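A.B. asks: Pasting a predicted model and its sequence here:
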Amino acid sequence: MEPIPNLEYWQYLDRPDVFAALSPSFVSYMCMCLSRNFLRGRINDSPHPFERMLAVLRFTLTKDLKFVVCPLPILTFLLTLPTARQSLQTLQLRPRRTLPLPLGRNARTVPQPRVGLPFNDTQEPPLLRLRDSQRAERSQLEHKERQERAEQFFVQTSEEPFDSGDVGGSGTG
Amino acid sequence: MEAEPDEAQALRRLSKLSLVTGEGPTGTGTDETARVVYVTEQVSHHPPVSAYFATCPQRSLQLFGIDQISAKVSGTTLRVSPGQYNQGIFVRVTGGFGVGERYHITHPIASVNGILRGSFYVTVGESTVISVSGGKPGQRFRTIIEYKEEVRLSVSSFFLK
């Protein structure tokens, strides 16, 4: 997003979509998606502040993405992990070691790492995808479309990959 | 379809951020658009300080803060830390479930390395703390992100904890 202040080479809204998704309606969306019978009828109640904190955390991670020179799977993991469903499962149902990685069984529901500009893809917020079979199919289709669109986007912007003006961003970490 | 000027196209793309919302048990998601406005301006010449403000009224969100950095040379690295006016990023929720909440995100400390070798790279160190104030009484959360660096066999690897 523009503008970039004249004193710095960056600003903090690289992902305005993730910022906007901090909102209550996103939280209510998460609640809606949580489960068939869990929290389904309680959308208008105040959801757990933990989820809001997770959303803020997600946004916080996006502001530093421009400095990251690391394997994209890790980025994708960071962006897709802090969703309510997974975290609740982690907290309540699963031992820590079986944390759902974006590999194996969950791979098709988690957006695949894209080569290109993860933070510049303002069209697609990394919102959560569910693992219900019905939705999985749907999101798989969506994902296909996304990939096509992402490729299109990539072609247009691939000229200078990680150069968002950060100091030494083109160095190796 | 008529050809559009690039700028108009870009504007249209920027102002239409697709936000997926869920609807009902069948999950017939609809695309909703939200507009996010961002303003930033230099507010002091000496010391150099700039302020920024972003808002998304549709989603009852505001983001604001003061930006100032102070750079110090320590050894072979350049340490970039927030200046005295830079208290971090504030996110205010003005409506909805989290009405009245204010999230305070502190800045980590960055180092510019490789000055001697001429190949610059930035590392982010120390920690970021996200704390919340205001809002409804009850349970409060605080997030601490630690930026770890480990050197093994002269290969550095970086972690978030």
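C.D. replies: Perfect, I can see it now. Numbers count the residues shown, from 1 in each chain, chains lettered A, B, ... in the order given.
A.B. asks: Please count neighbours and contacts with C-alpha atoms only from this point.
C.D. replies: Fine.
A.B. asks: does whichever helix or strand A:Val56 is part of come close to chain B?
C.D. replies: Assigned by DSSP states H and E, A:Val56 belongs to helix A:49-63. Yes - contact between helix A:49-63 and chain B, assessed by CA under 8 Å from any CA of the partner chain, occurs at A:Pro49, A:Phe50, A:Arg52, A:Met53, A:Val56, A:Leu57, A:Thr60.
A.B. asks: Quick one: list the elements packing against that helix.
C.D. replies: With contacts taken as 3 or more CA pairs under 8 Å, 6 or more residues apart in numbering or on different chains; DSSP states H and E, helix A:49-63 sits against helix A:16-20, helix A:72-80, strand B:142-152.
A.B. asks: before we move on, the earlier item: now, which of the residues of helix A:49-63 next to chain B sits nearest A:Ala20?
C.D. replies: Using CA to CA, A:Val56 is the member of the residues of helix A:49-63 next to chain B that sits closest to A:Ala20, with 10.4 Å.
A.B. asks: That closest one and B:Ile130, how far apart?
C.D. replies: Using CA to CA, to the nearest Å, we find A:Val56 at a distance of 8 Å from B:Ile130.
A.B. asks: shared neighbours, these two?
C.D. replies: Residues touching both A:Val56 and B:Ile130 comprise B:Tyr103, with contact defined as CA atoms under 8 Å, 6 or more residues apart in numbering or on different chains.
A.B. asks: neighbour count winner among these two?
C.D. replies: Set side by side, A:Val56 and B:Ile130 show more neighbours around A:Val56, with 25 against 22, by other CA atoms under 10 Å in any protein chain shown.
A.B. asks: By mean pLDDT, point me to the weakest helix or strand of chain B.
C.D. replies: In chain B, no helix or strand scores lower on mean pLDDT, DSSP states H and E than strand B:17-21, which sits at a mean of 43.
A.B. asks: Can you list the low-confidence ranges for chain B?
C.D. replies: Across chain B, residues meeting the criterion (pLDDT under 70) sit at B:1-32, B:153-154, B:156-157.
A.B. asks: residues in contact with the spatially most central residue of it?
C.D. replies: When chain B is reduced to its mean C-alpha position, the closest residue under CA atoms, centre = their mean turns out to be B:Ile89, at 7.0 Å. Shown here is B:Ile89, whose contacts under the criterion CA under 8 Å, 6+ apart are B:Leu63, B:Phe64, B:Gly65, B:Ile66, B:His104, B:Ile105, B:Thr106, B:His107.
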